[in-house]
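> Quick one: sequence and predicted model below, then my questions.
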Amino acid sequence: MLYIIVAILIFGVLVATHELGHFATAKLLGVKVNEFAVGMGPALFKRQRGETLYSLRALPIGGFCALEGDDQESEDPRAFGRASWWKKAVILCAGAFMNFVTGLILIAILYAPATGFRAEVYGGPLEGYGTEDCGLLAGDRFLSVDGHRVLVYGNARFFLDRAGETLDFVVERDGQRVVLKDVRLPYQERTDEQGNFTRLRGLTMAVTADPTNWLGTMGYAWRTALDFVRLAWISLGDMVTGAVGLRDMSGPVGIVNMMGEVGSHSPTLLDAAWNLGYLAAFIAVNLAVMNLLPLPALDGGRVFFLLLNGLLYGLFRKKIDARYEGYVHLAGLAALMCLMLAVTLSDVGKLVGR
């Protein structure tokens with residue numbers, strides 16, 4: 001229960017951080033902010049400072065930033081709706097930017113004590129698979145697998161498992177960059193003596209360790225954040241192609257439960273803190289990616305309409321009526337709520353069905 005409470009708080013802080021991005025840039029760019037709230041639900045504390053009401057609310061599940069003229073017409077010259085298009089775009093993108101920065105900072109903090117990082121190298125062929133002449137040599141360090149750059153440890157195996165039978169490699173061999181094209185590595189299915197089914201390519205992976213300094217640590221943290229972004233896009237692609245279904249998705253209930261399990265299954269309190277911090281960083285970066293999708297009701301959808309209106313005005317001196325844009329976002333919000341309800345019911349079903 002303790003870890004579930006911690007997970008709820010972490011999730012709430014990540015959402016509140018997103019709203020903090022909107023708030024900070026709105027203030028910086030001179031757009032009026034009516035209220036900035038941490039948490040949702042009934043207000044526990046309120047304080048008016050200048051034109052903005054600051055509040056702390058009962059439910060630690062996020063927050064909000066109420067901009068003047070954001071959801072209705074306003075005559076105030078500092079209203080969001082009257083701001084220039086680039087100011088609107090910056091304010092809308094700032095929430096996702098803050099989520100990404102939060103994730104990056106968390107990763108950097110977690111990696112700070114590291115004296116080195118693991119890297120994948122080719123360990124050699126498996127006997128009986130016919131991969132002895134694949135072109136790889138033992139000790140080759142994987143730089144790219146099937147067109148995907150190896151950013152962090154685990155990438156080489158991940159993309160190898162997703163690739164087709166013929167793929168390309170870029171490796172580092174004796175300090176030189178070597179490109180291997182059209183390497184054929186078909187899967188072979190085997191059953192061991194215990195009857196366990198395996199599906200292998202006939203390759204082994206070995207691990208090497210790279211010593212690091214603070215600059216190298218920051219670089220590895222940056223590559224980890226970029227890898228999180230890439231994983232989010234891969235997951236979206238799998239959803240579109242049907243490779244994953246509703247049962248494979250998780251909403252707030254599933255995420256909080258997963259974080260609770262990660263904490264409770266960690267061998268020590270320090271391990272739990274590290275694992276929860278890493279998962280929080282992953283979620284923060286995912287929130288950044290999802291919020292910038294060009295879908296109605298999301299920040300990315302609103303930026304899309306800004307760009308579309310700019311294009312229409314440049315070509316035809318016309319813009320989409322704000323009412324119709326509002327209808328589209330309302331419909332998108334309704335669809336998003338339906339999806340969240342379905343995912344939440346799926347999460348609850350998975351919990352009950354254990």
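Arrived safely, thanks for sending.
> quick one: contacts of the helix or strand where Val303 lies?
In the assignment (DSSP states H and E), Val303 maps to helix 299-316. For helix 299-316, contacts defined as Cβ atoms under 8 Å, 6 or more residues apart in numbering pick out 85, 88-89, 92-93, 95-96, 291-295, 318-320, 325, 328-329, 332. All C-beta atoms are positioned from the backbone trio N, CA, C, and that covers glycine.
> tell me which residues in it are buried?
For helix 299-316, the neighbour count (16 or more other Cβ atoms under 10 Å) marks Asp299, Gly300, Gly301, Arg302, Val303, Phe304, Phe305, Leu306, Asn309 as buried.
> wait, Glu35 sits on Thr52?
Yes - contact between Glu35 and Thr52 holds when scored by Cβ atoms under 8 Å: they sit 6.6 Å apart.
> contacting residues for Glu35?
Taking Cβ under 8 Å, 6+ apart, we find Glu35 in contact with Thr52, Leu53, Tyr54, Ser55, Phe64, Cys65, Ala66.
> Out of these, which is nearest to Glu189?
Nearest to Glu189 among those, counting by Cβ to Cβ, is Phe64 at 52.7 Å.
> Let me know the pLDDT of that closest one.
We have a pLDDT of 89 for Phe64.
> Name the SS class of Ser250, please.
The three-state label given to Ser250 by DSSP: H, G, I helix; E, B strand; the rest coil is coil.
> Would you map the helices across the stretch 201-350 of the chain?
Taking DSSP state H, counting those that start in this stretch, the helices of the stretch 201-350 of the chain run over residues 214-241, 252-264, 269-291, 299-316, 322-352.
> re earlier: just the contacts of Glu35 now: which is nearest Arg149?
Looking at the contacts of Glu35 and their distance to Arg149, the nearest is Cys65, at 36.1 Å (Cβ to Cβ).
> who touches the closest one in this structure?
Cys65 neighbours (Cβ under 8 Å, 6+ apart): Glu19, Leu20, His22, Phe23, Ala26, Val33, Glu35, Phe36, Ala37.
> Format the buried residues of helix 299-316 as JSON lines; extra columns: distance to Gly81 and pLDDT.
JSON lines is the format used below for these (distance: Cβ to Cβ, whole Å; pLDDT from 0 to 100):
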{"residue": "Asp299", "distance to Gly81": "16", "pLDDT": "92"}
{"residue": "Gly300", "distance to Gly81": "19", "pLDDT": "93"}
{"residue": "Gly301", "distance to Gly81": "16", "pLDDT": "92"}
{"residue": "Arg302", "distance to Gly81": "12", "pLDDT": "92"}
{"residue": "Val303", "distance to Gly81": "15", "pLDDT": "94"}
{"residue": "Phe304", "distance to Gly81": "17", "pLDDT": "94"}
{"residue": "Phe305", "distance to Gly81": "12", "pLDDT": "92"}
{"residue": "Leu306", "distance to Gly81": "12", "pLDDT": "91"}
{"residue": "Asn309", "distance to Gly81": "12", "pLDDT": "90"}
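> For Asp210, give me its contacts.
Contact partners of Asp210, counting by Cβ under 8 Å, 6+ apart, are Gly116, Phe117, Arg118, Ala119, Gly216.
> any idea how far it lies from Ala114?
To Ala114, Asp210 is 10 Å away according to Cβ to Cβ, to the nearest Å.
> so where's this structure shaky on pLDDT?
1, 190-199, 246, 351, 353-354 (pLDDT under 70).
> ok, of the contacts of helix 299-316, which come out buried?
Taking 16+ other Cβ under 10 Å as the criterion, what is buried in those is Lys88, Ala89, Leu92, Cys93, Gly95, Ala96, Asn291, Leu292, Leu295, Glu325, His329.
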